[in-house]
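Peer 1: Give me a model of this one.
(one chain, ligands or ions: 2)
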Amino acid sequence: MGRLRVAVVGAGAAGLCAARHILSRPREFDLPVVYELTDHVGGTWFYEERVGTYDNGLPVQSSMYRNLRTNLPKEVMMFPDFPFDSHLPSFLSHQDVQQYLERYCKSHAITPHIKFNTVVEEVKPISMETEEGGAVTWEVISRGTYGGHSTQTFDSVFICSGHYSVPHLPSIPGMEHFKGKVMHSHSYRCPEPFAHQSVVVLGAGASGVDISFELAQAKAKVTLSHNKPAVQFSLPPQIQQAAPVVKVFEDGSLLFQDGSVAQAQVLLLCTGYSYHFPFLCPKQLGLEVEHHLVAPLYKYLLPPAFPSLFFLGICKVICPFPHFHCQVQFALAVLEGTVQLPSREVMEEEAERERTRKTQMGVQAKHCLKMDSEQWVYYQDLATTAGFSPPQPVIQSLYEEVRRQRQAKPQAYKQINYRLVDATQWQLLEAPSVPIDKV
Ligand SMILES: Cc1cc2nc3c(=O)[nH]c(=O)nc-3n(C[C@H](O)[C@H](O)[C@H](O)COP(=O)(O)OP(=O)(O)OC[C@H]3O[C@@H](n4cnc5c(N)ncnc54)[C@H](O)[C@@H]3O)c2cc1C
Ligand SMILES: NC(=O)c1ccc[n+]([C@@H]2O[C@H](COP(=O)([O-])OP(=O)(O)OC[C@H]3O[C@@H](n4cnc5c(N)ncnc54)[C@H](OP(=O)(O)O)[C@@H]3O)[C@@H](O)[C@H]2O)c1
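Peer 2: Ligands and ions are numbered 1, 2, ... in the order given. Predicted structure coming up:
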């Protein structure tokens, strides 16, 4: 058998990780082809001042905002084999992460294999008859953003196109009556334009909470409207909590689920993002893709009907870079044949069993792809099956400590610095200059 040809869609963190590991196995794999629709690597970490579309009409990909700091410390966030610079604090700016990804790309000589300004328009399986029986190759049809089409065939495709670019816009009856500005966090960049304005922030995920704090500091009057139990941490006086917005009246006022009504100048939807793969035909792949769901995926990674197609980082509430690192190594072991997959039927049954298990635990369908504390068993399973080292226990321990700090002090926890001592222990490096419960 010749060397395997692999296409990678996207040069964000996931795509770079895929390319780095393919390049490290030259005996088994041909040089990868990485398609990237922008002119840079980094994906969502490449901060774009502009919102909406690029000059070429394509939508801006990045959802990054100017003052964002990471919500994972660098010790947890890093690719396990590639530390961040030691002089950086634990919680990083987006510039720090972008530079890290550029360094990762350079250190592993990935750039020559990236086709920049190239949009993947179609990825489709082509059935082939071989001496061993049926096989699948993949046709990747791409378009240069400055013109020109190309079709190339591959043995495998890694989908690394991200899933935090296409806003999920809830349907709220009467929305057309709202008199102020409606926008999604995807297009939020900085708080200054909202100073002294009344802003209803809908959704209390990471974006909703973090942006509410930013707006409050910029002297906006914020209503954090959400469907979760009231937050337990103390909020600054500029932030009030409210039930979710359920309707907009004809006069433009907002109705909340508890019957209260309010006016606002801005409705900022921090309502998350939708999975979106415009270059795939899910039905042909035996997949169901909805705004919150991609299924069935065996080990949250591959469609049982097409086990040479890999979706990296579909899960949410994970440590993305370590997650990619584990998934890529498992996927390459599958392609190399060192991991033998079960039959399509068995993989489908396992994916279905996993879905049923979550439903029986009371997990809502829209949250079935959230992993959180289940991610460690998942990494261990991939690592044991494919024969690589899983993230060290200290990563789980520090992740859980940071989650506790985030829940207790969502504004202050990013000032703390940590140090990894060994495979099982971390250490608090220095106390923040202001006591963290006073911030
Ligand atoms: C606001 C925000 C804050 C976050 N904060 C953190 C954090 O603190 N810590 C953390 O670990 N993670 C964080 N994340 C998660 C973040 O998404 C991951 O860290 C990681 O960047 C995901 O990488 P990715 O490669 O999967 O996707 P992306 O970074 O989205 O990269 C996808 C790439 O694919 C390209 N692409 C898409 N479609 C095509 C196509 N058709 N053809 C060619 N190229 C295509 C895009 O241009 C892009 O470069 C945050 C996410 C957001 C949105
Ligand atoms: N580094 C940072 O500080 C930082 C900052 C921002 C974002 N991020 C990352 O970016 C990613 C996306 O985060 P996100 O917060 O944008 O999306 P998210 O995690 O999907 O959160 C969206 C929230 O909106 C809620 N929601 C959706 N529709 C609603 C409605 N109609 N009414 C009320 N609430 C509604 C959702 O509730 P349901 O789930 O119940 O529908 C959910 O809580 C995550 O990985 C996150 O960690 C990181």
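Peer 1: For the residue in the stretch 201-350 of the chain that ligand 2 sits nearest to, give me its contacts.
Peer 2: Closest contact between the stretch 201-350 of the chain and ligand 2, by C-beta to the nearest ligand atom, is at Gly205 (2.3 Å). All C-beta spots, glycine's among them, are computed from the backbone N, C-alpha and C. Under the criterion of C-beta atoms under 8 Å, 6 or more residues apart in numbering, the neighbours of Gly205 are Cys270, Gly272.
Peer 1: Numbering from 282 from now on, please.
Peer 2: Sure, I'll start numbering at 282, so the last one becomes Gly486.
Peer 1: Pull up the residues of the stretch 282-431 of the chain that are close to ligand 2.
Peer 2: By C-beta under 6 Å from any ligand atom, the part of the stretch 282-431 of the chain that sits against ligand 2 consists of Leu349, Thr351, Asn352.
Peer 1: Mind jotting down where the strands sit in the stretch 282-431 of the chain?
Peer 2: 287-290, 314-316, 395-396, 399-411, 414-425, 430-435 (DSSP state E, counting those that start in this stretch).
Peer 1: what does the stretch 432-581 of the chain give?
Peer 2: Along the stretch 432-581 of the chain, the segments classed as strands by DSSP E, counting those that start in this stretch run 437-440, 462-465, 479-483, 502-506, 520-523, 526-529, 535-537, 542-543, 547-550, 569-571, 574-576.
Peer 1: which of the strands of the stretch 282-431 of the chain sits most buried?
Peer 2: With neighbours defined as mean count of other C-beta atoms under 10 Å, these peak in mean count at strand 287-290, which reaches a mean of 28.
Peer 1: helices and strands around it, which ones?
Peer 2: Packing contacts for strand 287-290, counted by 3 or more C-beta pairs under 8 Å, 6 or more residues apart in numbering; DSSP states H and E, involve helix 294-304, strand 314-316, strand 399-411, strand 414-425, strand 430-435, strand 437-440.
Peer 1: Ignoring the adjacent residues along the chain, who's closest to Leu650?
Peer 2: Cys596 (5.1 Å; C-beta to C-beta, 6 or more residues apart in numbering).
Peer 1: okay, now that neighbour: neighbour count?
Peer 2: Using other C-beta atoms under 10 Å, Cys596 has 23 other residues around it.
Peer 1: which residues sit in contact with it?
Peer 2: Tyr581, His604, Leu650, Lys651, Met652, Gln656.
Peer 1: Looking at those, spot the one nearest His507.
Peer 2: Nearest to His507 out of these is Lys651 (C-beta to C-beta; 16.6 Å).
Peer 1: gap between that closest one and Pro451?
Peer 2: 18 Å (C-beta to C-beta, to the nearest Å).
Peer 1: list the helices and strands the helix or strand where Leu663 lies packs on?
Peer 2: Per DSSP states H and E, Leu663 falls inside helix 656-667. Where contact means 3+ C-beta pairs under 8 Å, 6+ apart, helix 656-667 is packed against helix 601-617.
Peer 1: Give me the buried stretch members for the helix it packs on, please.
Peer 2: 601-616 (16 or more other C-beta atoms under 10 Å).
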